[in-house]
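In: The amino acid sequence is not available; the structure is as follows:
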């Protein structure tokens, strides 16, 4: 029983890391393509199809994530968000985070 009590904190930590590791294992580049971000923002996230669309490469990951969440929730709602609003319901929070983290690695 004593060894079980000693094992519980380590087991809890391992399980917690497993859950976090799952989110980290998502491939932001793959999701960016799969969720059709490339269609408007370009394959390199730096050549959008219209000059009014943002260049996403190198963007701060928290900023990018929060902008996507605001579009998803409707908190950010202007003429340029209409196309994204239709797609955002297909993207989970974990996927948004993975995409945002990947975008931050680009130049």
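Out: Sure thing, it's come through. In this text, all values refer to a predicted model and were calculated from it rather than measured experimentally.

In: in the protein, which spans are helices?
Out: 2-25, 28-34, 38-41, 61-73, 82-88, 93-104 (DSSP state H).

In: For the second one, the averaged confidence score.
Out: Confidence over helix 28-34 (mean pLDDT, whole number) is 98.

In: Can you list the low-confidence ranges for the chain?
Out: Low-confidence segments of the chain (pLDDT under 70): 1-24.

In: and with 80 instead?
Out: The chain contains residues with pLDDT under 80 at 1-25.

In: Could I get the contacting residues of the nearest residue to residue 93 once chain neighbours are set aside?
Out: Nearest-residue entry for residue 93: residue 69, 7.6 Å, with adjacent residues in sequence omitted and distances by CB to CB, 6 or more residues apart in numbering. Backbone N, C-alpha and C define where each C-beta goes, glycine included. By CB atoms under 8 Å, 6 or more residues apart in numbering, the residues touching residue 69 are 75, 93, 96.

In: do you know how far the last one is from residue 82?
Out: So that's residue 96. For residue 96, the distance to residue 82 equals 18 Å [CB to CB, to the nearest Å].

In: can you check the first one too?
Out: Going from residue 75 to residue 82 by CB to CB gives 15 Å.
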